[in-house]
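Chemist: Fold the following and give me the result.
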Amino acid sequence: MTVLRILLGVVLGAGIAFTALFVPLHFALNSQTASVQTSKPSQKTPAPAHGKKDPAPPNHSSSGTSDTVPLIVALIGAAIGAVYSAIAFGREVYALRPFSILGYVLDVSWSLPNTAASLLVWLPACAIAGGNFVDPDENSQRSGTFVYSDNPRGGGYSATTVGTVIGGGWSSHEEMHVWQARIFGPAYLLVYLMSLLLNMLFRLVTGKTAELSKQAYYRICFEDWAYFAGETSGGDINWGAWFLWFLLSAVYAATYIAIVIGAIAGVALVSIIAAAVLVAYSVIRAFTPTHADVEASGSAGT
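Modeler: Have a look, this model is predicted:
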């Protein structure tokens, strides 16, 4: 039975990942090629001399060339999806339930970069230094996660999640990181890192240098979301806080996308407005309390 699950994982993982990468890249590159060709001015071909055949027109078709890059990228993605799915299906990480199935499809398509990070970096780290693999239960199968008992990261952090791999035990806080990666896909890790760096910068600028990296970490938009809406040692979710921080995180991530789009499209105003929103958010967040501060003040009040 395990062998059949592994084989099924290989087929599904490779197929979904290949399709998710090849199809959009193929159409994007071919539509770009077509638009370039149609924009070229037509050139008249001189009439052939009497008695001579008209030479065959040169073949300007670039479909084969334009499919090379999508094919290579899709094959690499298919290999990652196949290996990941084989391990995940062998471990019974996913279950035949709606959220678990949705999570799996996203993991090997839209969120494949995050899945690759978990497969190539965090899964080996947890397997080597993350204690024991925790047998899947209802919570971990619903979220579609590999769970290990210890956190290889150390440093006082009880748990760390990369992609679909949790080192340090399952909780609603860690599950939120899994779904954040699935929602924001390729942008997730980049936005997470940029949020950390900007938080450090604006903590320095505002003179709040105590525990710089730790305070910057607690103000990452995705950490705010997970701390305010979830629990680090339980499964409860504050859905009001979940939707609030989802919206704030979506706006925050959208500013980076707007900056890039404005720069590519040559519309400087869009990039400037998006950068201004990003700076304003970072300044405000540098002065406002973290979830730990709010909890501490609430405990002191009681």
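
Chemist: Quick one: list the elements packing against the lengthiest helix in the chain.
Modeler: For the chain, the helix that runs over the most residues, judged by DSSP state H, is helix 2-39. Contact here means 3 or more CB pairs under 8 Å, 6 or more residues apart in numbering; DSSP states H and E; on that basis helix 2-39 packs against helix 63-66, helix 68-90, helix 112-117. Backbone N, C-alpha and C define where each C-beta goes, glycine included.

Chemist: Which among those is found nearest to residue 98?
Modeler: Smallest distance to residue 98 across the helices and strands packed on helix 2-39 (CB to CB): 17.3 Å, for helix 68-90.

Chemist: what does the closest one contact?
Modeler: 2, 5-22, 25-26, 29, 94, 104, 107-108, 112, 115-116, 118-119, 123, 144, 146, 164 (CB atoms under 8 Å, 6 or more residues apart in numbering).

Chemist: cool, and stretch 253-272?
Modeler: Residues outside stretch 253-272 that contact it (CB under 8 Å, 6+ apart) are 184, 187, 190, 191, 194, 221, 273, 274, 275, 277, 278, 281.

Chemist: what is the rounded mean pLDDT of it?
Modeler: For stretch 253-272, the mean per-residue pLDDT is 96.

Chemist: Same question for stretch 188-203.
Modeler: For stretch 188-203, the mean pLDDT works out to 96.

Chemist: which ones are touching residue 22?
Modeler: So residue 22 contacts 70, 71, 73, 74 (CB under 8 Å, 6+ apart).

Chemist: In ChimeraX, how would I select just the buried ones from these?
Modeler: Here is the ChimeraX command that selects the buried residues among the contacts of residue 22 (16 or more other CB atoms under 10 Å):
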select :70,71,74
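
Chemist: now the contacts of residue 22 in a markdown table, with pLDDT and distance to residue 152?
Modeler: What follows is the contacts of residue 22, written out as a markdown table (pLDDT from 0 to 100; distance: CB to CB, whole Å):
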| residue | pLDDT | distance to residue 152 |
| --- | --- | --- |
| 70 | 92 | 36 |
| 71 | 95 | 36 |
| 73 | 96 | 30 |
| 74 | 96 | 32 |
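
Chemist: with the contacts of residue 22 in mind, which one is nearest to residue 212?
Modeler: Residue 212 lies nearest to residue 73 out of the contacts of residue 22, by CB to CB, at 38.2 Å.

Chemist: Distance check, that closest one against residue 239.
Modeler: 38 Å (CB to CB, to the nearest Å).

Chemist: Next: residue 117.
Modeler: 28 Å.

Chemist: Then residue 2?
Modeler: From residue 2 to residue 239 the distance is 37 Å (CB to CB).

Chemist: a markdown table for the contacts of residue 22, including distance to residue 175?
Modeler: Shown next, in a markdown table, are the contacts of residue 22 (distance: CB to CB, whole Å):
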| residue | distance to residue 175 |
| --- | --- |
| 70 | 33 |
| 71 | 35 |
| 73 | 30 |
| 74 | 30 |
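
Chemist: farthest-separated two in the contacts of residue 22?
Modeler: Taking CB to CB, no two of the contacts of residue 22 sit farther apart than 71 and 73, at 7.4 Å.
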